[in-house]
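Novice: here is my input, please return the structure:
(2 chains)
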Amino acid sequence: MSTEERLLSGWGRTAATRARVRTPAGAADVAALLRHPGERGVLARGLGRSYGDAAQNAGGLVLDMTAMSRIKAIDRATPSVTAEAGVSLKDLANALLPFGLFLPVTPGTQHVTLGGAIAADVHGKNHHVDGSLCAHVTSLVLQSPAGERLTLDRATTPDEFFATAGGMGLTGIVLEATLTPIRIETAYIAEQVARAPDLDATMEGLASTDASHRYSVAWIDCLARGNRLGRSVLMQGDHAPVEMLSGPARAKPLELPQRLPLAAPPWLPSGLVRRETVAVFNEVYFRRAPVRAERLTPLDRFFYPLDSVAGWNRVYGRRGLVQYQLALPLGSEHAMREVLERLAASPAPATLAVLKRFGPQEGLLSFPLPGWTLAMDLPADAPQLSELLDGLDELTAEAGGRVYLAKDSRLRPELLEAMYPELPRWREVRARLDPAGAMRSDLARRLGLQK
Amino acid sequence: MRDALGSVQSLLVLGGTSEIGVATARTLVNGRARRVVLACRDPRAAGPAVEDLRRAGAGQVDTLRFDALERENHERFVDDAFARFGEIDLVLLAFGVLTGDPVDVIETNFVAAVAVLEPLARRMVRQGHGTIVVLSSVAGERVRRANYVYGASKAGLDGFAQGLADSLAGTGVRVMVVRPGFVRTKMTASMKAPPLSATPEQVAHAIARGLSHGSETVWVPAAMRPLMWVVRHLPRAVFRRLPF
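Specialist: Residues are numbered from 1 along each chain as shown, chains lettered A, B, ... in the order given. Got it, this is the predicted structure:
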């Protein structure tokens, strides 16, 4: 194991801090490293796709888990898959595909590790029907900082399991997990695309198709105002059965078509993403979308449109970007309208905004709650960004909603308890698993998660 | 911790009763800062500033005794501050004198600053993050005869701070150099305020803006930057004849 002192930041490239990085090769290494965490504590890190400071530990020890990436077993009959925490969802999905299996839940990028996905309890476009990733984890192995190797599941150790699922990596280090994949016939999604002219049509479009589609999402134009407020392109889909394919795809239904790799150049100036440029992009994107259409889309293009451009975060320039995602409970649709009105009126350009439906949720610190979620990217140097987002935080907390910790980089700690009512219980369980407080992160320090 | 938009949660002010120091702390408390330590020669004199910051919304305001000229104590002072505070996101170096015995001015403004910044920077490197804000002056940009001792002390401090910033690249610790022009404070009360003079509040806001922009150098007011560029490049023979 080599030790390396490195500056680490999240995918948003803001607020970098320095840590000692070690790369354990297996469970024994992890246990050994946890024995002497040092005064600034220890944290596991995967592929660094959390936008904010969730996978940073300033002045402390950070375990780069990506070397622990073995897929240990795939059982086609159950079905079930067991893999080490450092495996990427991309490698996992690619290994499952030939068996006619797919991830039960996938976030918007496949460059995340299994361990990281459990720590953030990631959700996908199917949360309204399938819940988040941890709903499909049958068991996981946790190296506790107190020195035990624990096997956790929802039946026998519910407290520890639900504190770890969505626990932002602060209960210990996930070594491996077993989850239940879903069966698929093809590597394609039967996708339906439709334009929605305003917010009412968007929300109605999502709500009315909940039951009929597994995947459902609206790309929303956050800059549109007036009677176009909340206009969107609705994208809904289901795994395509083999009968829908034709030609070469039909012959090899479980193979993904090749995509050309693209990459953002390493040095791009700040200021490319401005209200004017985003407005033009949104207009083109909205008008290019068909009024209504059905198409077959390869899995990766449907779930991970941005993964095709390596390092797309560099487009936001030196100052980086802030990703903001809020969830609002059912019945607070008026608050969602207010959010969109404020975004449309703000000089800060919200790009790549996505509106989705959420179903029920189990993890103590998990983000989803039954209702709606809106996610967007914003350049960190946008004018009046701090005021805008502080205002949205307050609006969200008042409506009984919350912001996503895996993406947060600037929430005021005072609002945390209102947003996460199970926080006291999580703190209790966490303190039991880690009495010495060895697990630390910049996120935890900033928000006072551990108290 | 510093957040994505450059706001800090905890700060230590060296020169904790200075008007610029208190104004800056108040501005940062209006943002995200919740914990402030005011370090000054006589902590009892910091009472009004402590009250002021509590009223502004700081959850925890402490005072620590710090005498710039007691160099032998600086290392212990730094250890103590971190031990009591845990996390220090930002240090503002705001102490200094304008007049007095020339060697004392240099000792306070330059030597003492170096003596405390060295252990502070080491401590912040261990912490893995931090921002050091050093109050320099336009007087250090080109030393003029009217206050050459003060100017020389600030020139030394400014050069030291820039070098420190470069030496800390890649450590997660940053240094921001602030160069105000004439600031209307009790230190300058007896002097006639020239054009482009600023208030402590203006300096404080410029510092907050510099932090959110990730600036390395901040001029107050911003117009000082081009002006001092011209002044800096004036030939000696011309500069010497200027009426200040």
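Novice: per-residue confidence for residue B:210?
Specialist: pLDDT for residue B:210: 96.
Novice: contacts only, for it.
Specialist: B:176, B:178, B:218 (Cβ atoms under 8 Å, 6 or more residues apart in numbering or on different chains). (Each C-beta comes from the backbone N, C-alpha and C, glycine too.)
Novice: if we use 10 Å, what do you get?
Specialist: B:6, B:131, B:133, B:176, B:177, B:178, B:216, B:217, B:218, B:219, B:220 (Cβ atoms under 10 Å, 6 or more residues apart in numbering or on different chains).
Novice: who wins for neighbours among those?
Specialist: residue B:220 (29 neighbours; other Cβ atoms under 10 Å in any protein chain shown).
Novice: quick one: low-confidence parts of chain B?
Specialist: For chain B, the stretches with pLDDT under 70 are B:244.
Novice: please name the nearest non-neighbouring residue to residue 96.
Specialist: Assuming you mean chain A. What sits nearest to residue A:96 in space, not counting adjacent residues and going by Cβ to Cβ, 6 or more residues apart in numbering or on different chains, is residue A:181, at 5.4 Å.
Novice: hmm, I had chain B in mind actually
Specialist: residue B:109 (4.7 Å).
Novice: wait, a strand at that neighbour?
Specialist: No - applying DSSP: H, G, I helix; E, B strand; the rest coil, one finds residue B:109 to be helix, outside a strand.
Novice: so how many other residues sit close to it?
Specialist: There are 26 residues near residue B:109, going by other Cβ under 10 Å.
Novice: OK, contacts around the residue nearest to residue B:199 when sequence neighbours are not counted?
Specialist: Once flanking residues are discounted, residue B:199 sits nearest to residue B:184: 5.7 Å by Cβ to Cβ, 6+ apart. When contacts are counted by Cβ under 10 Å, 6+ apart, residue B:184 touches B:19, B:191, B:193, B:197, B:198, B:199, B:200, B:202.
Novice: and the last one, that's in a helix?
Specialist: So that's residue B:202. Yes - under three-state DSSP, residue B:202 falls within a helix.
Novice: does chain A sit close to the longest strand anywhere in chain B?
Specialist: Assignment by DSSP state E gives strand B:173-180 as the longest strand of chain B. Yes - with Cβ under 10 Å from any Cβ of the partner chain as the measure, strand B:173-180 is seen reaching chain A through B:173, B:174.
Novice: pairing partners for that strand, with directions?
Specialist: Sheet pairing of strand B:173-180 (DSSP bridges) gives strand B:130-135 (parallel), strand B:217-220 (parallel).
Novice: how far off centre is the helix or strand of chain A with the lowest mean pLDDT?
Specialist: One helix or strand of chain A scores below all others by mean pLDDT, DSSP states H and E: strand A:262-263, with a mean of 80. Going by Cα atoms, centre = their mean, to the nearest Å, the spacing between the C-alpha centre of strand A:262-263 and its chain's C-alpha centre is 22 Å.
Novice: what's the following helix or strand after that strand?
Specialist: Next helix or strand after strand A:262-263 toward the C-terminus (DSSP states H and E): helix A:275-288.
Novice: how far off centre is the helix or strand that that next one is followed by?
Specialist: Next along the chain after helix A:275-288, taking DSSP H and E as the criterion, comes strand A:292-298. Once both centres are worked out by Cα atoms, centre = their mean, strand A:292-298 turns out to sit 24 Å from its chain's centre.
Novice: for strand A:292-298, buried residues please.
Specialist: Of the residues in strand A:292-298, those with enough neighbours to count as buried (16 or more other Cβ atoms under 10 Å in any protein chain shown) are A:296, A:297, A:298.
Novice: ok, stretch A:198-217 next?
Specialist: A:198-199, A:201-203, A:205-206, A:209, A:213-217.
Novice: dump the residue contacts of the one residue in the stretch 151-300 of chain A that gets nearest to chain B.
Specialist: Chain B sits closest to residue A:270 of the stretch 151-300 of chain A, with a gap of 10.2 Å, by Cβ to the nearest Cβ. Applying Cβ under 10 Å, 6+ apart to residue A:270 gives the contacts A:316, A:317, A:318, A:319, A:320, A:379, A:380, A:381.
Novice: mind checking pLDDT for the first one?
Specialist: Taken from the predicted model, the pLDDT recorded for residue A:316 is 86.
Novice: could you do the fifth one as well?
Specialist: The predicted local confidence for residue A:320 comes out at a pLDDT of 91.
Novice: give me the phi and psi angles of it.
Specialist: Here is the backbone geometry of residue A:320 (degrees, to the nearest 10): phi 80, psi -170.
Novice: what about it, how many residues nearby?
Specialist: So residue A:320, with other Cβ under 10 Å, has 24 neighbours.
Novice: how near is the spatially most central residue of chain B to residue B:166?
Specialist: Nearest to the geometric centre of chain B sits residue B:135, at 2.9 Å (Cα atoms, centre = their mean). Distance from residue B:135 to residue B:166, counting by Cβ to Cβ, to the nearest Å: 19 Å.
Novice: residues touching the nearest residue in space to residue A:197 that is not next to it in sequence, list them.
Specialist: Counting by Cβ to Cβ, 6+ apart, residue A:197 lies nearest to residue A:231, which is 5.5 Å off, once chain neighbours are set aside. By Cβ under 10 Å, 6+ apart, the residues touching residue A:231 are A:195-199, A:201-202, A:218, A:220-224, A:282, A:286.
Novice: next, count neighbours for the residue nearest to residue B:6 when sequence neighbours are not counted.
Specialist: Take residue B:6 and drop its neighbours on the chain: the residue closest to it by Cβ to Cβ, 6+ apart is residue B:212, 3.8 Å away. If you count neighbours by other Cβ under 10 Å, residue B:212 ends up with 19.
Novice: helix, strand, or coil at residue B:212?
Specialist: Residue B:212 ends up helix, using three-state DSSP.
Novice: before we move on, the earlier item: in its sheet, what does the least confident helix or strand of chain A sit against?
Specialist: Looking at strand A:262-263 with DSSP bridges, its partner strands are strand A:309-310 (parallel).
Novice: ok so, going back, from chain A, how far out is the residue nearest to residue B:96?
Specialist: For residue B:109, the distance to chain A (Cβ to the nearest Cβ, to the nearest Å) stands at 30 Å.
Novice: close enough to count as contact, that residue and residue B:103?
Specialist: No - checked against Cβ atoms under 10 Å, the pair residue B:109 and residue B:103 is beyond contact range at 11.2 Å.
Novice: list the buried residues in stretch A:2-22.
Specialist: In stretch A:2-22, the ones that count as buried by 16+ other Cβ under 10 Å are A:8-22.
Novice: er, stretch B:108-122 actually
Specialist: Counting neighbours by 16+ other Cβ under 10 Å, stretch B:108-122 gives B:108, B:109, B:110, B:111, B:112, B:113, B:115, B:116, B:117, B:119, B:120, B:121 as buried.
Novice: re earlier: from the contacts of residue B:210, which single one is nearest chain A?
Specialist: Distances from chain A to the contacts of residue B:210, taken by Cβ to the nearest Cβ, are shortest for residue B:6, at 8.1 Å.
Novice: and the closest one, helix, strand or coil?
Specialist: coil.
Novice: wait, isn't it in contact with residue B:213?
Specialist: Yes - contact status for residue B:6 versus residue B:213: in contact at 7.1 Å, counting by Cβ under 10 Å.
Novice: which neighbours do these two share?
Specialist: Between them, residue B:6 and residue B:213 share the contacting residues A:319, A:380, A:381, judged by Cβ under 10 Å, 6+ apart.
Novice: pretty sure residue A:391 is touching residue A:346, no?
Specialist: Yes - Residue A:391 is within contact range of residue A:346, at 9.2 Å (criterion: Cβ under 10 Å).
Novice: shared neighbours of those two, anything?
Specialist: With Cβ under 10 Å, 6+ apart, residue A:391 and residue A:346 have common neighbours residue A:384.
Novice: of those two, give the one with the bigger neighbour count.
Specialist: Per other Cβ under 10 Å, whichever of residue A:391 and residue A:346 has more neighbours is residue A:346, with 22 against 15.
Novice: thank you kindly, that will do.
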